[in-house]
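Novice: What follows is a predicted structure for the sequence shown.
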Amino acid sequence: MHALSAIEEKFVLHWGEMGTRWGVNRTVAQIHALLYLSERPLNAEDIATTLAVARSNVSTSLKELQSWGIVRVVHVMGDRRDHFESLVDVWQMFLIILDERKRREIDPTLRVLRECLAESGKSDAHARERIAAMLGFFETMSTWYHQFRRLPQAAMIKFFKLGSRAGKALGITT
């Protein structure tokens, strides 16, 4: 791999920093950024050299990115090593990450909230009320999510691009 340009380096470093704020390991995020910018699939050695990180860290990070479904293994003619590439459609990537976050974070939270509510008694009235409110919120958001995910991608993009016009159509002013 060639040395990163100043713009590539800035993006990779920033994506790594943002990753940590989103609860993603910095190296995982930096590898994703590198693969996203790369014109060709990269092997693990190229990634380790370019980012100056341990090869073992690269392997672990690549497995994590593959488990999210945003990086995949590809093969290059004449090279026995695995190479990796990122999805390039940012909307597709966003939707995959959204789906995974729901599966990994929201669904378990819904289960625990339902269990807590079912197990609570009269002596837990205050906690029960708060948990019920939280459960109502999560169930509403989950229902909205499922309705949203049934839309074709073009409709989703159009929805997001509506911005403040949607609020005006609904009589909401900011």
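Specialist: Sure, I can see it. Numbers count the residues shown, from 1 in each chain.
Novice: Show me where the protein dips below the pLDDT cut-off.
Specialist: 1-2, 173-174 (pLDDT under 70).
Novice: same thing but 50
Specialist: For the chain, no stretch has pLDDT under 50.
Novice: ok, now which ones touch I96?
Specialist: Contact analysis of I96 by Cβ atoms under 8 Å, 6 or more residues apart in numbering lists 68-70, 87. The C-beta positions use only the backbone N, C-alpha and C, and glycine is treated the same way.
Novice: Who are the packing partners of the lengthiest helix in the chain?
Specialist: Criterion DSSP state H: the longest helix present in the chain is helix 125-149. Under the contact definition 3 or more Cβ pairs under 8 Å, 6 or more residues apart in numbering; DSSP states H and E, helix 125-149 sits against helix 90-101, helix 107-119.
Novice: What helices and strands are in contact with the helix or strand where S59 lies?
Specialist: Here S59 is covered by helix 55-68, with elements defined by DSSP states H and E. Counting contacts by 3+ Cβ pairs under 8 Å, 6+ apart, helix 55-68 packs against helix 26-37, helix 44-51, strand 71-76, strand 79-86, helix 90-101.
Novice: buried ones in it?
Specialist: Neighbour-count burial for helix 55-68 flags 57-58, 61-62, 64-65, 68 (criterion: 16 or more other Cβ atoms under 10 Å).
Novice: what does stretch 144-159 give?
Specialist: In stretch 144-159, counting by 16+ other Cβ under 10 Å, buried: M156.
Novice: Map the structural domains onto the sequence of this protein.
Specialist: Per the record, the chain has its domains at 6-86, 90-164, by automatic domain parsing.
Novice: now these in TSV, with distance to L170?
Specialist: As requested, the domains of the chain are exported to TSV (distance: least, Cβ to Cβ, whole Å):
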stretch	distance to L170
domain 6-86	30
domain 90-164	10
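Novice: Buried deepest among these, which one?
Specialist: Mean neighbour count (mean count of other Cβ atoms under 10 Å) peaks for domain 6-86 among the domains of the chain, with a mean of 16.
Novice: quick one: that one to chain centroid distance?
Specialist: Its chain's C-alpha centre and that of domain 6-86 lie 15 Å apart, by Cα atoms, centre = their mean, to the nearest Å.
Novice: Next one: A29 from R104, what distance?
Specialist: 16 Å (Cβ to Cβ, to the nearest Å).
Novice: do the same with D46
Specialist: From D46 to R104 the distance is 29 Å (Cβ to Cβ).
Novice: A54 too?
Specialist: 26 Å.
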